[in-house]
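K.L.:
no sequence for this one, just the structure:
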Ligand code: IPE
Ligand code: IPE
Ligand code: MG
């Protein structure tokens, strides 16, 4: 089975803005689902959001978020009467449709709304209609549509209406929705897996427009089920609805490819590798740096999206100064010589750790390469002057400065690379079987693979052995399944 990511897919600008806006609120009520994604709803619930279906359920004076689907004027009026603090996350495309309905009504035109009358977006649009005029044959009407419909279907309906009426049609299917539909229609493989929630209209539409077999999944359990059902197929496209978080898409693709999304390496054994050859330890580090470049390339070819490497720990400052200085020079040299290949291979570099401990010139080089590669999706996270305990302490201090109690989710966001998913697999070379202060928070549920191979000797075959070992593990994460 060959997994192909369909482009574009996933969150549109309107949904992203709605989610960002909602995430900034505290003690808020959300009228209806903010967007139709169970993953987003769960995340907001974990931040204390309460979801209501009627504005009457919101206590007077509280903060209420209007969902991306928009609300009718009567709901706005009621919110004002109740003294609610309104945060309006209505998608701009939906807001445009509302304006169109109002303008049609002001011009005295009867209004036709094309869409599912049970969908909140359509209810909101219908609520804008004032005057309630009935269309007359041959007369002029205003037409708007639910923004997540199939664009072709809307065009056909408008054509039908044109037979009997003079049609003023202003709003249209949302451009992001249309682009996602077109990409799905163009895919000519054996099957498409559509990721998103069942109650998401635009996600359902993606299923309808596909020209091949369709599978759907709204959770990782369902992705695994779909993977088993699709076993033996040739080309499988993966797409996601406009309200589906990219993190879910990434995890699903990795699961389908049966590779971990994120692999972390404790690159150990450089010193012994050099000593066995009767050389200075720094030779081992130089050889280790070469291995690192190869490992990043091998991981990329296998579809692994995040690679984290432990390059220098907070405890490594205890080593003789010459070794520490040599390593800092080596990092600086690597940044110079490898920046081009990171750009070429579209890999984003991030360095995490106590950056203040590093020489200023090295810090500047790091920042330069981080800026240069900032837009890329694949990531190489290099831990320098990094300690798992230091990271937790730094996060704790930020929480104290903020003056708020933390939850696991909010604490996670204070760590060095909050948007990088936890490692699925940690590989340690050189025969040591310990964690040595690496990613203490992030590895709570990671799988570990230990190998006696020294890091400079770590080969493509050793990587595959580690990945095979990982794929044979049954990750229960505390459950019983
Ligand atoms: C790991 O190799 C790299 C760094 C800590 C910088 P070591 O330098 O720890 O090598 P050994 O463990 O002494 O062989
Ligand atoms: C861990 O290796 C740190 C890195 C690989 C950068 P160490 O060699 O420093 O760890 P210990 O001393 O064996 O625990
Ligand atoms: Mg070591």
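P.N.:
All right, it came through fine. Please read all numbers here as calculations on a predicted model, not as lab measurements. Numbers count the residues shown, from 1 in each chain. Ligands and ions are numbered 1, 2, ... in the order given.

K.L.:
for residue 264, helix, strand, or coil?
P.N.:
Assigned by DSSP: H, G, I helix; E, B strand; the rest coil, the conformation of residue 264 is strand.

K.L.:
Looking at this structure, which helix is longest?
P.N.:
The residue-count maximum for a helix in the chain (DSSP state H) belongs to helix 321-344.

K.L.:
Report the buried residues of that helix.
P.N.:
Buried residues in helix 321-344, counted by 16 or more other Cβ atoms under 10 Å: 326-328, 330-332, 334-335, 338-339, 342. Placement of C-beta: from N, CA and C, glycine included.

K.L.:
ok, which of those residues also contact ligand 1?
P.N.:
With Cβ under 6 Å from any ligand atom as the criterion, the members of the buried residues of helix 321-344 in contact with ligand 1 are residue 327.

K.L.:
Out of the buried residues of helix 321-344, which is nearest to ligand 2?
P.N.:
The closest of those to ligand 2 turns out to be residue 327 (Cβ to the nearest ligand atom; 9.2 Å).

K.L.:
now, among the buried residues of helix 321-344, which is nearest to ligand 1?
P.N.:
Using Cβ to the nearest ligand atom, residue 327 is the member of the buried residues of helix 321-344 that lies nearest ligand 1, at 5.7 Å.

K.L.:
list the contacts for that closest one?
P.N.:
Listed by Cβ atoms under 8 Å, 6 or more residues apart in numbering, the contact set of residue 327 reads 282, 285, 311-312, 316.

K.L.:
right, quick check: the host helix or strand of residue 308 against ligand 1, any contact?
P.N.:
Using DSSP states H and E, residue 308 sits within strand 306-313. Yes: counting by Cβ under 6 Å from any ligand atom, contacts between strand 306-313 and ligand 1 involve residue 312.

K.L.:
Run through the contacts of residue 327 and flag the ones next to ligand 2.
P.N.:
Among the contacts of residue 327, proximity to ligand 2 is found for 311-312, 316 (Cβ under 6 Å from any ligand atom).

K.L.:
What separation is there between whatever residue of the stretch 201-350 of the chain ends up closest to ligand 1 and residue 288?
P.N.:
Distances between the stretch 201-350 of the chain and ligand 1 by Cβ to the nearest ligand atom are smallest at residue 271, namely 2.8 Å. Here the distance between residue 271 and residue 288 works out to 9 Å (Cβ to Cβ, to the nearest Å).

K.L.:
more neighbours, these two?
P.N.:
Set side by side, residue 271 and residue 288 show more neighbours around residue 288, with 26 against 20, by other Cβ atoms under 10 Å.

K.L.:
and the more buried one, how far is that from residue 3?
P.N.:
32 Å.

K.L.:
got it, and residue 418?
P.N.:
Distance from residue 418 to residue 3, by Cβ to Cβ: 27 Å.

K.L.:
higher neighbour count, the two?
P.N.:
Taking other Cβ under 10 Å, residue 418 and residue 3 do not tie; residue 3 has more neighbours (20 against 10).

K.L.:
so the more buried one bridges to which residues?
P.N.:
With DSSP bridges applied, residue 3 shows beta-bridge pairing to residue 236.

K.L.:
Which other helices and strands does the strand holding residue 308 contact?
P.N.:
strand 262-266, helix 281-301, helix 321-344, strand 378-386 (3 or more Cβ pairs under 8 Å, 6 or more residues apart in numbering; DSSP states H and E).

K.L.:
Tell me which of the ones you listed lies nearest to residue 138.
P.N.:
In terms of Cβ to Cβ, the element of those nearest to residue 138 is strand 378-386, at 59.4 Å.

K.L.:
buried ones in the following helix or strand past that closest one?
P.N.:
Towards the C-terminus, the helix or strand next in line after strand 378-386, according to DSSP H and E, is helix 388-402. Using 16+ other Cβ under 10 Å as the test for burial, helix 388-402 gives 388, 390-391, 394-395, 399.

K.L.:
do the same with stretch 411-430
P.N.:
So for stretch 411-430, counting by 16+ other Cβ under 10 Å, buried means 411, 414-417, 420-430.

K.L.:
Likewise for stretch 443-458?
P.N.:
443, 446-451, 453-458.

K.L.:
Now do the contacts for the nearest residue to residue 314 once chain neighbours are set aside.
P.N.:
Leaving aside its sequence neighbours, residue 314 sits nearest to residue 387 (Cβ to Cβ, 6 or more residues apart in numbering; 3.4 Å). Contacts for residue 387 were tallied using Cβ under 8 Å, 6+ apart; they are 313-315, 353-354, 437.

K.L.:
Dump these into a markdown table; add pLDDT, distance to residue 376 and neighbour count as well.
P.N.:
Below are those laid out as a markdown table (pLDDT from 0 to 100; distance: Cβ to Cβ, whole Å; neighbours: other Cβ atoms under 10 Å):
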| residue | pLDDT | distance to residue 376 | neighbour count |
| --- | --- | --- | --- |
| 313 | 98 | 26 | 21 |
| 314 | 98 | 28 | 19 |
| 315 | 98 | 31 | 14 |
| 353 | 98 | 21 | 22 |
| 354 | 98 | 25 | 16 |
| 437 | 98 | 29 | 17 |
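
K.L.:
out of those residues, who's nearest residue 301?
P.N.:
Of all these, residue 353 has the smallest distance to residue 301: 27.6 Å, by Cβ to Cβ.

K.L.:
can I assume that closest one is in contact with residue 381?
P.N.:
No: using Cβ atoms under 8 Å, residue 353 is not in contact with residue 381; the gap is 10.0 Å.

K.L.:
Please identify the buried residues of the helix or strand bottoming out on mean pLDDT in the chain?
P.N.:
Ranked by mean pLDDT, DSSP states H and E, the weakest helix or strand in the chain is helix 38-46, scoring a mean of 89. Within helix 38-46, the residues scored as buried using 16+ other Cβ under 10 Å are 38-41, 43-44.

K.L.:
Quick one: mean pLDDT over the helix or strand containing residue 155.
P.N.:
Assigned by DSSP H and E, residue 155 belongs to helix 151-164. The average pLDDT for helix 151-164 rounds to 93.
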